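Asker: Fold the following and give me the result.
(2 chains)
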Amino acid sequence: MKISVEYLGLLTEFNRGLKVEELSLPAGATVSSLHELLIGRCSVNGRKIIERCSFMVNNKNADLNTPLHNGDTVVLILLMTGG
Amino acid sequence: MQRSYNGKILRVDLGTRQIEIETPDDSFFRKYVGGSCLGAYYLLKELPVGIDPFSPDNLLIFATSIVGGLPVPGLSRNSAVSKSPLTGAIASSEAGGWVTPQIKAAGFDAIIIKGRASKPTYLWIKNGKVEFRDAGNIWGKFPVEVQKIIREELCEPLARIIQIGPAGEKRVRFASIINDVRYFYGRSGLGAVMGAKNLKAIAVKGDSLPRPLNSEKLKEIIKTFGKEWKHDTNLDLISRSGSAGFTVFQNKDGQLPTSNYRTGVLDNLAITGDAFAIYNTKSEGCYGCPVKCKRSIKVDSPYKVNPEYGGPEYESVAALGSYVELNDTAAVAKANEICNKYGMDTISAGATIAFAMECYEKGLLDKDDVDGMDINFGNGKMVLKLLEKIGNREGVGDLLAEGSYRVAQTIGGEAVNLAMQVKGQELPAHDPRVKPTMGLAYALSPTGAEHVECEFDAVVKEEAPVAQFSHLQSLGIYRIIPQYVLNKDKVRFFSKSQKIFSFLDSIDLCVYTFSYIGYRGIEDIIKAAVGWDFSIYEMILVGERRLNMFRAFNAREGFDETSDCLPKRMFEGIKSGPKKGFKIDKNDFNQAKRAYYRMMGFNYKGHPTKGKLEELDLDWVIQLLGLSNNEG
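Answerer: Down below sits the predicted model:
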């Protein structure tokens, strides 16, 4: 199946400037599968950034167990801490 | 003995023009270390109960710490402490910049100001000497001009200037204190206290910083930070985008407080970090810090924004933007500049205007109440106009200058529930309905709604980075906690991290650089600077000591468990967006509050108890509160 992944703000810097990309995942994949895929292909810094993110699927809250389906849009949310 | 503090507290009485220098012993500095812990010691000990914050008897204290002013990233900060005219509670507000090393080099660790000058005055503090100088020619003027005039008058182009703007002079209850024109002791209205003292500014300069015990070790620490800090995700992110870069994520996730906290989404968000970056002239940082998280903004049209006043950070973007539905980058930049020029806290200013707008929308204020204007959400020109009116206390601005709590009390009825405040201080821009730990922070902070009070929920959630979790394990947080719950685990997480943040405000270490420096780093810095073996345990003791003195101060002023509350809206669902329906369960909140009191050793009113005060070596506070053996 194919899903779209959207990168906002400074996350584009860690993804070769791409704001949106289409990724292929096996059927039955979850947000956790996507999380692993993104972490696996990142630099050390990029990986640390991805670990700081939560996910939204089709504009709704998601967690690592949320199932993904063909045509879904996933947005990475960089969680703010500090001031 | 070589050490990074002077051991000298400067006392200035503006009324009598008397100067005293106090020299507490080393054990005092080890026990209270500095910042708002040291400030609370003097305030609690010396302030009469029930005093008007604008009275000459109120104290205004600027305190550095035992390690403040070292060229270590994050140690450029100092604290201003007083009784707040906004809350009536103890107030502490910290600012970075370049002034701390100058206070130290001038020969002092803290400055305690009492009394009221008979006419506008500024202080000139240089190398252990203090001069009272006429401020008649700078009263009413804006910070950039004031700084220029003072430096020229003194022939000291490198003097650092702490000052108030016109809002402080006019006692706007959320007036800030400004240093170096673009760094702010923003919260709780301390600028109004300074204004009530007729004190326009403090110019400070010194030629001799106290020498730390082991300069070579400190150089090594600084060098390592310089090489390594970019590998710290928090610092890397904040350096790249400034905190304004987070606005887009907050909004997408439905947790950007919008329309006086009714919703979490500002449609078609334009006020993003990327949008502000177009106007950035440069990245700037505090003394000794390579991270440079601050931004300067220059706008030429349709508003003219002077970059010298600095650019808006996340809190200001939200408060002056989404709170009032102002989705216009240039207008938000201008609103930020107006607040900085007049010397007003951006959070309280934006939140008070948002409150007034909702009152107007609901018919609780009519056109006649607001100088014949239409104060609708989203009206940029109106926001700018209102800010200037508040800064000048002109027309409706005179009313709004009292802050949302007092205005709500004046209007009465439903208006009381529309003021997003705790203890009279307006809510920062992290929605407790999405970040329950912030709900605890806002409700339980002794200074009123405050966001730099503890770690955020995200650092203990399921996907939290291992390194971050490891840092929490050192505090005794052993398991992850789902992000959106408010349970006993969350309270434990809050109370433990609050103690550490309380310690950070005692040594005045920036929370951003703390993420890299960590506990071990602090131990190394203190060891190198003053030679003490300062453990995490001792850090927590200092943090607790500060919190207990803060709570003791408030207890004497009549604050109790009913003051540790949240606005009614926090118990109602967010109206729209991805977090629609998110709310705090009132029963969960009340249970969490009681659990917090138990964990902290407070009594059911949230007051310090005899046993806890004895443990913290604060027997003098026991006497002050008149606690008997049976109490607590």
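
Asker: Below-threshold pLDDT in the chain: ranges please.
Answerer: The chain I'm using is chain A. A:81-83 (pLDDT under 70).

Asker: nope, chain B please
Answerer: B:461-469, B:629-632.

Asker: does B:Asp134 really touch B:Ser118, like I thought?
Answerer: No. With contact defined as CB atoms under 8 Å, B:Asp134 and B:Ser118 do not form a contacting pair (10.9 Å). For the C-beta atoms, the positions are set from N, CA and C on the backbone; glycine is no exception.

Asker: Which one of these two is surrounded by more residues?
Answerer: A side-by-side neighbour count of B:Asp134 and B:Ser118, using other CB atoms under 10 Å in any protein chain shown, places B:Asp134 first with 14 against 10.

Asker: quick one, phi/psi of that one?
Answerer: Main-chain dihedrals, B:Asp134, degrees, to the nearest 10: phi -70, psi 130.

Asker: and what of the one 4 residues further on?
Answerer: Its backbone dihedrals place B:Ile138 at phi -110, psi -10, with angles given as degrees, to the nearest 10.

Asker: got the contact list for it?
Answerer: B:Pro120, B:Tyr122, B:Glu145, B:Val146, B:Ile149, B:Ile150, B:Lys200, B:Ala201 (CB atoms under 8 Å, 6 or more residues apart in numbering or on different chains).

Asker: do the same with B:Asn327
Answerer: With the criterion set at CB under 8 Å, 6+ apart, B:Asn327 makes contact with B:Leu266, B:Asp267, B:Asn268, B:Leu269, B:Ala270, B:Ile271, B:Gly321, B:Gly378.

Asker: in which helix or strand would I find residue 39?
Answerer: Chain wasn't specified; assuming chain A. According to DSSP states H and E, A:Ile39 maps onto helix A:31-41.

Asker: Let me rephrase: I mean chain B.
Answerer: B:Gly39 belongs to helix B:35-46, assigned by DSSP H and E.

Asker: Run through who's touching the following helix or strand past that helix.
Answerer: Once the chain leaves helix B:35-46, the next helix or strand it forms, by DSSP H and E, is strand B:60-63. Surrounding strand B:60-63, the residues in contact under the criterion CB under 8 Å, 6+ apart are B:34-36, B:38-39, B:42-43, B:78-82, B:103, B:109-113, B:162, B:190, B:193-194, B:197, B:199, B:202.

Asker: if you look at those, which of them are in strands?
Answerer: Among those, DSSP state E puts B:Asn78, B:Ser79, B:Ala80, B:Val81, B:Ser82, B:Ala110, B:Ile111, B:Ile112, B:Ile113, B:Ile162, B:Leu199, B:Ile202 in strands.

Asker: on that earlier part again, of the contacts of B:Asn327, grab the buried ones for PyMOL.
Answerer: Applying 16 or more other CB atoms under 10 Å in any protein chain shown to the contacts of B:Asn327, the buried members can be selected in PyMOL as follows:
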select buried, chain B and resi 266+269+270+271+321
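
Asker: Pick out whichever of the contacts of B:Asn327 sits closest to B:Leu86.
Answerer: B:Gly321 (22.0 Å; CB to CB).

Asker: which ones are touching A:Arg52?
Answerer: Contacts of A:Arg52 (CB under 8 Å, 6+ apart): A:Leu78, A:Leu79, B:Thr233, B:Leu237, B:Ala458, B:Pro465.

Asker: and these, which of them are in helices?
Answerer: B:Thr233, B:Leu237 (DSSP state H).

Asker: Now neighbour count and distance to A:Glu22 too, for the contacts of A:Arg52, in a markdown table please.
Answerer: What follows is these, written out as a markdown table (neighbours: other CB atoms under 10 Å in any protein chain shown; distance: CB to CB, whole Å):
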| residue | neighbour count | distance to A:Glu22 |
| --- | --- | --- |
| A:Leu78 | 27 | 21 |
| A:Leu79 | 21 | 25 |
| B:Thr233 | 23 | 27 |
| B:Leu237 | 27 | 26 |
| B:Ala458 | 21 | 28 |
| B:Pro465 | 18 | 27 |
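
Asker: Of the contacts of A:Arg52, which is the nearest to B:Leu627?
Answerer: B:Ala458 (38.7 Å).

Asker: Which residue, neighbours along the chain excluded, lies closest to the closest one?
Answerer: A:Leu79 (3.9 Å; CB to CB, 6 or more residues apart in numbering or on different chains).

Asker: Equivalent analysis for B:Arg479, please.
Answerer: B:Arg479 sits nearest to B:Asp489 (CB to CB, 6+ apart), 6.9 Å away.

Asker: how many other residues sit next to that neighbour?
Answerer: The burial count for B:Asp489: 16, using other CB under 10 Å.

Asker: Just to be sure, it is in a strand?
Answerer: No. Assignment of B:Asp489 by DSSP: H, G, I helix; E, B strand; the rest coil gives helix, placing it outside any strand.

Asker: shouldn't it be in contact with B:Tyr478?
Answerer: No. Assessed by CB under 8 Å, B:Asp489 is found out of contact with B:Tyr478, at 9.5 Å.

Asker: Just the strands from chain A, written as ranges.
Answerer: So, for chain A - with DSSP E - the strands run A:2-6, A:20-24, A:53-57, A:60-62, A:73-78.

Asker: Next: the stretch 351-500 of chain B.
Answerer: B:421-422, B:425-426 (DSSP state E, counting those that start in this stretch).

Asker: Give me the buried positions along the helix or strand hosting B:Gly543.
Answerer: Using DSSP H and E, B:Gly543 sits in helix B:536-556. Buried residues in helix B:536-556, counted by 16+ other CB under 10 Å: B:536, B:538-556.

Asker: With stretch B:201-214 instead?
Answerer: B:Ala201, B:Ile202, B:Ala203, B:Val204, B:Lys205, B:Gly206, B:Leu209, B:Pro210, B:Pro212, B:Leu213, B:Asn214.

Asker: Redo the contacts of A:Arg52 as TSV? Include distance to B:Leu616.
Answerer: Formatted as TSV, the contacts of A:Arg52 follow (distance: CB to CB, whole Å):
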residue	distance to B:Leu616
A:Leu78	38
A:Leu79	34
B:Thr233	35
B:Leu237	36
B:Ala458	31
B:Pro465	33
